[in-house]
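Engineer: Build me a model:
(chains A, B, C, D, E, F and G)
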Amino acid sequence: MEYIYASLLLYKAGKEINEENIKKVLEAAGIQVDEVRVKSLVAALKNIDIAKVLEQALAAPVAAVPAAP
Amino acid sequence: MEYIYASLLLYKAGKEINEENIKKVLEAAGIQVDEVRVKSLVAALKNIDIAKVLEQALAAPVAAVPAAP
Amino acid sequence: MEYIYASLLLYKAGKEINEENIKKVLEAAGIQVDEVRVKSLVAALKNIDIAKVLEQALAAPVAAVPAAP
Amino acid sequence: MEYIYASLLLYKAGKEINEENIKKVLEAAGIQVDEVRVKSLVAALKNIDIAKVLEQALAAPVAAVPAAP
Amino acid sequence: MEYIYASLLLYKAGKEINEENIKKVLEAAGIQVDEVRVKSLVAALKNIDIAKVLEQALAAPVAAVPAAP
Amino acid sequence: MEYIYASLLLYKAGKEINEENIKKVLEAAGIQVDEVRVKSLVAALKNIDIAKVLEQALAAPVAAVPAAP
Amino acid sequence: MSATAVPRAKRIPQWKIEEVKYLTNLFKSYPVFVIADLTGFPTNQLQKLRKKLSKKVLFRVSKNKLILRALKNAGIDTSKFEEILTGQNLLMFTHMNAFELSLLLDKYKAKTYYKPGEIAQQEIVIPEGNTGLSPGPILSTFSKLKIPTRIQGNSIVITRDTVVAKPGDTISEELASLLQRLDIALKEVKINIKAAYDHGIIISGDQLVLDLEEYKNMVMNAHLDALKIGSEIAWPVPEILELSLNKAFRQALALAAEAGYITPDTAEYVFRTAVMKALALAAEISKYAPDLGLEVP
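Structural biologist: Numbering: from 1, shown residues only, chains lettered A, B, ... in the order given. As a prediction, the model looks like this:
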C-alpha cells in the first residue's frame, strides 16, 4: 500500500508520478525502496488514467466515511 | 488529503507519525508544509486507533445497508 | 445444529420432516436423540417456510452486519 | 447441498467426517449416494480447517442484497 | 479454493477452462490433483457465466449512506 | 490478476510464493511471464500477512451497496 | 350383619364413574394431551377456541380427582401430575405433537377487555371516530382521560386518535369501563399450559414455548455455514461455485490492493481502497481537528 499512498501524494501535489519522485517520497518516510516495485508501478500507471480512476473510485468512497459527529 | 496520505505512508512504514516525519514526507513530494496544520494533524492522530479505522474503512458501506426488510 | 442439518437434509431429499425421519438421520450419524428436541423441532419447522428462509440466507449476511462501528 | 449438510451434521455432532459416516447419514435421509462424490467431498474437506472457514463471512454476491426494505 | 484460483487464472488468461488445463496449473503449483473434482468442477463451470459473477462480486459502488458514527 | 491468482494458488498449496513458483504456474496456464512484474509482486507480498488480508477481504464486502431508500 | 356396613357416603355417583370411564378412554386413545390452567380464562373465549380447533383437538373440563383416577386407570404414572392438578383445569387431547398444539394455541390467542388494575401489554389508542355512545355521564370519563370529543347529532365523536396508556401502565377503573363500552378488547389471553404428555414423555409448560424466529435463524445459519464450506471446497454445484468465484475474486482484489499491485484490471480497486482508507482516516481526524478543513465529502 505504501507505494500507492506515495503515488496518491504525488498526484495530489500535482507532481509527476515517476520513479525518482516515488523513491524520494518513500525514502523520506524511511522506507527501503525496492527498485523493481517502483519501476513496475510506474510502468503500470503509464497505462492508467489516474484522474479517471480516482474519479471512479471517489464515486463510492463517500460511503466509507463515517458520518460527521 | 496530502497530509493524510503522508500519515498513512508513515503508518504503513511502521514509522512514528510525528511532525518531523510528516514534514519530511510532504517536502519530498514538493509540498509546502503548513506547520500549524501538521501540529494539529499529529495531535488529532494521537486520539485515533489507525489500524481500526483502516479496517472499518472497507466494512463501513456494509453497515449502511438498510436492515433486512 | 445437528438437528437442523438433519431437517435440511430431509428437506433437500424431499422427505417429510417428521420425528421418525429426523431420528433415523441423527441415529445414522451416531447421535443419541433427545425426543423432546426432535418434537419441538418438528413443530417449529411445520410453522416455517424453509424455502423462503434458505432464499433469504444469501441476502442476509450483508445486511446482518451490525450497523454501528 | 445434501452432501455438505451431511458433513456439517457430522462435524457439529463431533463425529468423524469420513465416507462411511456420510453415506450412512445420506442413506438414512433416503438419498441415493454417489460413492465418487462422497470420496471427493471427504478428500476436499480434509484440506480445509472447517472451524476457521465457518468463522469467516460469506462472500455473497452484491446482487443478493435487497435493494430496499 | 485452489481449483477456483486455477480456473480464474485460466479465465483471465483467456484459456479454456478444461480438465487438462486445470490439471496443468494445479500440478505446476505442486498440488496433487483429484480427477473427480476437476471433472465435476469443469462440468459445473460450464453452466456459469463467470464474467457476470465477477461483475456482481464488486458491482458499481453506488453511494451508500454513511454508517452512524 | 493472473499473477495474484497464481500467488493465491501457491499460498493455498502451502508453497513458497517466489519468482520461480509463480512463473511455473503462470506458464502452465500458457501465460507469457513478465519478469519485472513477478519480481515486484513477490517483493510486495513479502511484507504482507496474506492470511489476514484474505480474511478481511470477506469481512468487508467491498461492495457496493445499493443506495439507501 | 346389616347392610349398613357400607357407608352411604362412600358410594360414587354414577356420573363420576361415567366421566372416569370417558376420560380413561381418551387417555388411552390419544397419544398426546395437555393440562391447561383455566383460571381467569373467559368462558366465551374457550367456546370460540373449542370451535376453531374442533377438528384437531378434543377439549374436556373435568374435576382433578376424576382426572387423576382416569390417568391411573389408563396406566399413566400420575406422580408428576398430582401437584399440577389444582384449580380448574382443561384437558386437550390431540394427535399432533405437544409443541405443535402449543404453537397452534399461540396462533389463536384470544383478546378480552382489560380489567381495572391490570397492566397494559401494549400502547392503548382510542381511535378517532363516532363512538355511537349518547352524551351523558360518560363524557366526564372522556375528559378525565383527556380524549377530545364533540357531539354530533346524538352521539359522541372522538376527534383524534388518543393514546391513553403506554405498555406497563396500570389500567384505571375509568379506562377499563371505557374500553368495554367502546368494545375495545386488547388484552391477549392465552391458555396457560401447565404440562403436556406426549407418547409417555412429560413436558412442562415453559418447555413448550418455542421461538420461531430462533428456529428461522438456526435454519438460515445452518445453510450459510453449508454455503461457506461448500464455497471453500468449490463444491461443484453452480449455486455454490458462484460463491466460490466471488470469494476468490474478492480475495485476489484485496491482496492486490494490499500489495499495491497495479494492472489495468486492479487499478481502480487498488486506488479506491487506498482512497477509502484515507477518507476514513480523514473523517476520524476531522473529529479531533476540524481546523484542518479536510476534504471529507
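
Engineer: from here on, contacts and neighbour counts on C-alpha atoms
Structural biologist: Will do.

Engineer: where along the stretch 51-200 of chain G do the strands fall?
Structural biologist: Here the stretch 51-200 of chain G has its strands, by DSSP state E, counting those that start in this stretch, at G:57-62, G:89-94, G:110-112, G:124-126, G:129-130, G:149-152, G:155-158, G:162-165, G:187-189, G:192-198.

Engineer: how close does residue A:34 sit to chain F?
Structural biologist: Distance of residue A:34 to chain F, given as Cα to the nearest Cα, to the nearest Å: 8 Å.

Engineer: tell me the pLDDT at that residue?
Structural biologist: We have a pLDDT of 90 for residue A:34.

Engineer: try residue A:58
Structural biologist: At residue A:58, pLDDT is 62.

Engineer: can you check residue G:8 too?
Structural biologist: Confidence score, pLDDT, at residue G:8: 58.

Engineer: Ok, which of the strands of the stretch 51-200 of chain G comes nearest chain D?
Structural biologist: Among the strands of the stretch 51-200 of chain G, the nearest to chain D by Cα to the nearest Cα is strand G:192-198 (24.5 Å).

Engineer: so what's the backbone phi/psi at residue G:202?
Structural biologist: Residue G:202 adopts backbone torsions of phi -100, psi 130, taken as degrees, to the nearest 10.

Engineer: Quick one: residues contacting the residue nearest to it when sequence neighbours are not counted.
Structural biologist: Take residue G:202 and drop its neighbours on the chain: the residue closest to it by Cα to Cα, 6 or more residues apart in numbering or on different chains is residue G:196, 5.6 Å away. Contact partners of residue G:196, counting by Cα atoms under 8 Å, 6 or more residues apart in numbering or on different chains, are G:32, G:33, G:34, G:35, G:98, G:202, G:203, G:204, G:205.

Engineer: check which helix or strand covers the second one.
Structural biologist: In this case it means residue G:33. strand G:32-37 (DSSP states H and E).

Engineer: which residue ranges form the helices in the chain?
Structural biologist: As the question left the chain open, I've gone with chain A. Secondary structure of chain A (DSSP state H): helices at A:2-13, A:19-28, A:35-46, A:50-59.

Engineer: let's do chain G instead
Structural biologist: In chain G, helices defined by DSSP H lie at G:14-29, G:43-52, G:64-73, G:98-107, G:138-144, G:173-181, G:212-232, G:238-259, G:267-288, listed in chain order.

Engineer: and of those helices, who's closest to residue D:50?
Structural biologist: Nearest to residue D:50 among those is helix G:212-232 (7.0 Å), distances taken as Cα to Cα.

Engineer: Could you confirm whether that closest one reaches chain C?
Structural biologist: Yes: legend: contact between helix G:212-232 and chain C by Cα under 8 Å from any Cα of the partner chain is shown at G:212, G:215, G:216, G:218, G:219, G:220, G:221, G:222, G:223, G:224.

Engineer: got the contact list for the last one?
Structural biologist: Spelled out, that is residue G:224. Contacts of residue G:224 (Cα under 8 Å, 6+ apart): C:57, C:58, D:58.

Engineer: looking at it, the last one is touching residue F:58, isn't it?
Structural biologist: Yes: in this structure residue D:58 lies within contact range of residue F:58 using Cα atoms under 8 Å: 6.6 Å.

Engineer: list residues touching both of those two?
Structural biologist: With Cα under 8 Å, 6+ apart, residue D:58 and residue F:58 have common neighbours residue G:247.

Engineer: Could you list the contact residues of chain G toward chain A?
Structural biologist: G:257-264, G:267-269, G:271-272, G:274-276, G:279-280, G:283-284, G:287, G:296-297.

Engineer: related to what we said a few turns ago, adding distance to residue F:18 as columns, could you present the helices of chain G in CSV?
Structural biologist: Supplementary listing: the helices of chain G in CSV, determined by distance: least, Cα to Cα, whole Å:
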stretch, distance to residue F:18
helix G:14-29, 76
helix G:43-52, 74
helix G:64-73, 79
helix G:98-107, 61
helix G:138-144, 84
helix G:173-181, 80
helix G:212-232, 24
helix G:238-259, 15
helix G:267-288, 22
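
Engineer: for the lowest-mean-pLDDT helix or strand in chain G, which positions count as buried?
Structural biologist: Every helix and strand in chain G was compared by mean pLDDT, DSSP states H and E; the lowest is strand G:110-112, with a mean of 78. Across strand G:110-112, burial judged by 16 or more other Cα atoms under 10 Å in any protein chain shown covers G:110, G:112.
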